[in-house]
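Engineer: how does the following fold in three dimensions:
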Amino acid sequence: MSSAETRRTDRCAEHIVLVRAPAGHDRAIDALRLAQAWLEGGRCVLAFFHGDGVDHAAMDIRCQWQALAAAHHSLDLAICSAAWQRRLIDKQPPAPFELSSLVQFWYRASLGRALCCIGGP
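Structural biologist: Numbering: from 1, shown residues only. Below you'll find the model as predicted:
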C-alpha cells in the first residue's frame, strides 16, 4: 500500500457516496448535493467515482466538486483507477481528485456508517 493510500485510509470517511452516474446526468447533481448535505452536517465524506462517474473529474462538473472539497477538508474525492485508465489512459486526474482502487473503496466502505450509490445499472 502506498503512503498516499495509507493517508486516505487513515482519514475518517463515515459517509460514502459511490458516484456511477455520468457527469451530464440529472443524478450527478444529486450526488453533489448529498455530499454537500453530509458535509454540512459535520460528516467526513468519501466520494468515490466509478464507471461512468469518473467523467466527473474530466468534465465541467469537476469545478463544483473541487469547490466543495476546498470548502470542506473532510471530503475525499477518489476515482477508480481502472475506470479512469480505460477512459483517459495516461492523463492524471486534476487535484484534489486522486486515483484509488476498488479494494481501497471496499475497505473504507466496510468501516463507514453510510453508503449511497448514485447512478449505474
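Engineer: going by C-alpha atoms from here, please, whenever you check contacts or count neighbours.
Structural biologist: Will do.
Engineer: how about the strands of this protein, start to end?
Structural biologist: Along the chain, the stretches classed as strands by DSSP state E are 15-19, 45-49, 75-80, 98-100, 114-118.
Engineer: export those strands to JSON lines and tack on mean pLDDT and mean neighbour count?
Structural biologist: Listed next are these as JSON lines, based on pLDDT from 0 to 100; neighbours: other CA atoms under 10 Å:
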{"stretch": "strand 15-19", "mean pLDDT": "97", "mean neighbour count": "24"}
{"stretch": "strand 45-49", "mean pLDDT": "97", "mean neighbour count": "27"}
{"stretch": "strand 75-80", "mean pLDDT": "96", "mean neighbour count": "24"}
{"stretch": "strand 98-100", "mean pLDDT": "96", "mean neighbour count": "19"}
{"stretch": "strand 114-118", "mean pLDDT": "96", "mean neighbour count": "15"}
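Engineer: for Gln66, what are its contacts?
Structural biologist: Residues near Gln66 by CA atoms under 8 Å, 6 or more residues apart in numbering: 95-96.
Engineer: so for it, what's the pLDDT?
Structural biologist: With respect to pLDDT, Gln66 scores 97.
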